[in-house]
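> for reference, the sequence and a predicted model appear below.
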Amino acid sequence: SLLELDGDDARLVFTVPTPNATAVIPTADDGVAVVGLDGRLQLFGPDGVRDVTVETGAPSSYVIALDPSGRRLAIASDDDTVAVVELASESVNMIERTGSVSNLGFSSSGDVLAITQLDGTIRLWDTGIGAFSATVVSATTRTPDGEPGWYDGSTSSLWTTTGDQLIAIPLDPDIWVARACELVGRELTPLEWALYVPGKRAQQAVCG
């Protein structure tokens, strides 16, 4: 059941069947998304009627995230994969070899997905090119699973947890370039550029 809370009052909005559900999240249209143990995604509208069913191929899911634009849903499963579901087309893109995922978080447009592993590593996945665009944090300390990430429009940053830290990840490439230059004190090597500068910008001399 989905309850709407208003102060001390709770109102039953609708009841939906959720057998073997492993993850549930509200959707942008005031409905709810339910993922089952078998990886089946069911979308219910604001009236409690099931509108969409998608076989995601992500069994035993335990972390779920919806992008702020309502276009994409990411689901982490225990086989070291993340399924990114395009809700309009009901298509599924699989991200493999993600390691054990502790939390997920989208940028405002849904074009960047932050994936935090249980060991504390955070990587950014570019949904447009279908590849990891940057490693934000290398393994530090183990991060509890199930903690959601969220987007902060006022700073153009993704917030997420790793180890015992809550960190903001700037999504403006210029911030990353300036910080990388500050750290290395010289021009970036091709490997450093690929690791630390998100997006598809061609390498250039920027640290002068």
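Yep, that arrived.
> just give the number of residues close to the residue lying closest to residue 160 once chain neighbours are set aside.
Sequence neighbours aside, residue 149 is the residue nearest to residue 160 in space, at 3.7 Å (criterion: C-beta to C-beta, 6 or more residues apart in numbering). Any C-beta I mention is one placed from the backbone N, CA and C, and that applies to glycine too. Around residue 149 there are 22 other residues, counting by other C-beta atoms under 10 Å.
> also residue 43?
Residue 43: 20 surrounding residues under other C-beta under 10 Å.
> shaky segments in this structure?
Residues of the chain meeting the criterion pLDDT under 70: 1-14, 144-148, 198-200.
> elements contacting the longest helix along the chain?
Criterion DSSP state H: the longest helix present in the chain is helix 173-184. Secondary-structure packing of helix 173-184 (3 or more C-beta pairs under 8 Å, 6 or more residues apart in numbering; DSSP states H and E): helix 190-196.
> can you pull out the residues in contact with the helix it packs on?
By C-beta atoms under 8 Å, 6 or more residues apart in numbering, the list of residues contacting helix 190-196 from outside reads 134-135, 176, 180, 184, 188, 203.
> derive a ChimeraX selection command for the buried subset of those.
Listed next is the ChimeraX selection for buried residues among the contacts of helix 190-196, using 16 or more other C-beta atoms under 10 Å:
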select :134,176,180,188
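> closest to residue 117 among the contacts of helix 190-196?
Among these, residue 135 lies closest to residue 117 (C-beta to C-beta), at 10.6 Å.
> and whatever helix or strand that closest one lives in, how far out from the chain middle?
Assigned by DSSP states H and E, residue 135 falls within strand 131-137. Strand 131-137 sits 13 Å away from the centroid of its parent chain (C-alpha atoms, centre = their mean, to the nearest Å).
> offset the numbering so it begins at 472, please.
All right, first residue 472 from here; so that's strand 602-608.
> next SSE downstream of it?
Note on strand 602-608: by DSSP H and E, the next helix or strand toward the C-terminus is strand 621-623.
> in its sheet, what does that next one sit against?
Note on strand 621-623: by DSSP bridges, its sheet partners are strand 628-633 (antiparallel).
> just the CA coordinates of the helix or strand following the strand it pairs with, formatted as PDB?
Moving toward the C-terminus from strand 628-633, the next helix or strand (DSSP H and E) is strand 636-641. C-alpha atoms of strand 636-641 as PDB (Å, rounded to 0.1, in the frame of the first residue of the first chain):
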ATOM      1  CA  GLN A 636      31.500  10.700   4.200                       C
ATOM      2  CA  LEU A 637      28.700  12.600   2.500                       C
ATOM      3  CA  ILE A 638      30.100  14.300  -0.600                       C
ATOM      4  CA  ALA A 639      29.000  16.600  -3.400                       C
ATOM      5  CA  ILE A 640      30.100  15.700  -6.900                       C
ATOM      6  CA  PRO A 641      30.200  18.800  -9.200                       C
END
